[in-house]
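Undergrad: Sequence plus the predicted model coming up.
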Amino acid sequence: MTTSPLVVHGTALSGHTHRVINLLGLLGLPHRLVDSPAAVRRTPEFLALNPLGQIPVLQDGDVVLADSNAILVCLARRHAAGSPWLPDEPIAAARVQRWLSIVSLSSDLILDAGAKINASAPVAPAARLPVMAVPAA
């Protein structure tokens, strides 16, 4: 188990960063957010963490991971093994992965829709999105 705070590079308004911060909180893991706006993501220091220049990036000791789905899977396996966050049973695990993909895509669509509606304040009207029920395992 990690004793020092995990470091998340991202921004407060990033849906992908928010997903990681939420799971860290739910797991009770100490963490800190390092603000990484677009200008920071173009620096050699950030590109050494993620050559794609995208957020979020998680530093967990000597492990550096990018991509919110990959980070969520790692957190569930590394810090909550045996928990329902990522089941061991293959079909249940596949269902979790499917919803991670759907939510990831939905985040991108929300941000894209918000940017098209009001380029000065990219916030999407969540009420316009269809509600999706999570199927029972």
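TA: Arrived safely. Because the structure is a prediction, the values reported are computed rather than measured.
Undergrad: Distance-wise, check the closest residue to V57 other than its chain neighbours relative to L49.
TA: The shortest distance from V57 to any non-neighbouring residue, by Cβ to Cβ, 6 or more residues apart in numbering, is to H9 (4.2 Å). To be clear about C-beta, it is placed using only N, CA and C from the backbone, and glycine gets the same treatment. According to Cβ to Cβ, to the nearest Å, H9 stands 7 Å off from L49.
Undergrad: out of these two, which sits in the busier spot?
TA: Using other Cβ atoms under 10 Å, the more surrounded residue of H9 and L49 is H9, with 23 against 20.
Undergrad: Alpha carbons of the helix or strand hosting that one, as PDB, please.
TA: Take DSSP states H and E as the rule and H9 turns out to sit in strand 6-10. Only the C-alpha atoms of strand 6-10 are listed here, as PDB (Å, rounded to 0.1, in the frame of the first residue of the first chain):
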ATOM      1  CA  LEU A   6      -0.300   9.700  -5.100                       C
ATOM      2  CA  VAL A   7       0.200  12.500  -7.600                       C
ATOM      3  CA  VAL A   8      -2.400  13.200 -10.300                       C
ATOM      4  CA  HIS A   9      -1.400  15.500 -13.100                       C
ATOM      5  CA  GLY A  10      -4.600  17.000 -14.600                       C
END
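Undergrad: so after that strand, what's the next helix or strand?
TA: By DSSP H and E, the next helix or strand past strand 6-10 is helix 15-26.
Undergrad: Which positions in that following helix come out as buried?
TA: Residues G15, H16, T17, H18, R19, V20, I21, L23, L24 are the ones in helix 15-26 that count as buried (16 or more other Cβ atoms under 10 Å).
Undergrad: what sits against F46?
TA: H9, S36, V40, G53, V57 (Cβ atoms under 8 Å, 6 or more residues apart in numbering).
Undergrad: what's the pLDDT at the residue nearest to V57?
TA: As predicted, H9 sits at a pLDDT of 98.
Undergrad: now do D62
TA: pLDDT for D62: 90.
Undergrad: give me the number of residues near it?
TA: If we define neighbours as other Cβ under 10 Å, then D62 has 5 of them.
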